[in-house]
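Asks: no FASTA, just this:
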């Protein structure tokens, strides 16, 4: 019997059209989809064919998830494990992959669009603004899941780079205090709630006001905290142009004009 590799697919930030073409094709040929039901909108399942079984993993533990996928794979079914955003970022796929490897079950990973990039698109900004920030940090606040001491939010914030903080809006007071210490209370910030989904809200604010704003709006989860001077690029009078398109800049494909 032919077996097909289990496909870990990044669903993207929620908009069914923001899944990759490769991910969409995987869903269209699936016999079983095990999806992260607490985060992945069911609208993504519109790409599955008639007769495809869809199972939410929201109430399942690791052994349940792995055995469900492995058994279906061994029976010749095409299995998709559908994760929100990109599977490699806070997707907990390493432990699933390790278990599949131990059992000799084949797999492959199809990347997806993470919320930080969907949020930038919604705001019309560039995280890596010339002479402002050339670094984007994706991180989270330590909570029930700890982070390595060297990667504590306070340490990373000292770089004052563009930063997207995942899985932390429920600890907004602590996050705001750390960001204020590093970036200052006047630093531009934003909260991206359910970005790319019908309930999307993009709230622009400052570090000093972000905590009160989040509480006032009743946002407790599924939101990204973004901070950094690059968020102010639409401020009147601000201009941070790259050299790439400067007519005076010479490079391999164009001679600069005097």
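Replies: Yep, that arrived. Model, not experiment: these values are computed from the prediction.

Asks: just the strands in the stretch 1-150 of the chain please.
Replies: Assigned strands in the stretch 1-150 of the chain, in chain order: 6-10, 32-35, 53-56, 79-83, 107-110, 136-140 (criterion: DSSP state E, counting those that start in this stretch).

Asks: Now those in JSON lines, please, with extra columns for mean pLDDT and distance to residue 44.
Replies: For every residue, glycine as well, the C-beta is placed using N, CA and C. As requested, the strands of the stretch 1-150 of the chain are exported to JSON lines (pLDDT from 0 to 100; distance: least, C-beta to C-beta, whole Å):
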{"stretch": "strand 6-10", "mean pLDDT": "98", "distance to residue 44": "9"}
{"stretch": "strand 32-35", "mean pLDDT": "98", "distance to residue 44": "7"}
{"stretch": "strand 53-56", "mean pLDDT": "97", "distance to residue 44": "10"}
{"stretch": "strand 79-83", "mean pLDDT": "98", "distance to residue 44": "7"}
{"stretch": "strand 107-110", "mean pLDDT": "98", "distance to residue 44": "13"}
{"stretch": "strand 136-140", "mean pLDDT": "98", "distance to residue 44": "22"}
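
Asks: What are the contacting residues of stretch 96-112?
Replies: The contact list for stretch 96-112 (C-beta atoms under 8 Å, 6 or more residues apart in numbering) reads 3-12, 19-20, 22-23, 26, 62, 65-66, 69-70, 73-74, 81, 83-88, 93.

Asks: distance of residue 222 from residue 169?
Replies: As judged by C-beta to C-beta, to the nearest Å, residue 222 and residue 169 stand 8 Å apart.

Asks: Strands along the stretch 151-258 of the chain, start to end?
Replies: Going by DSSP E, counting those that start in this stretch, the stretch 151-258 of the chain shows strands at 162-166, 188-193, 201-206, 223-227.
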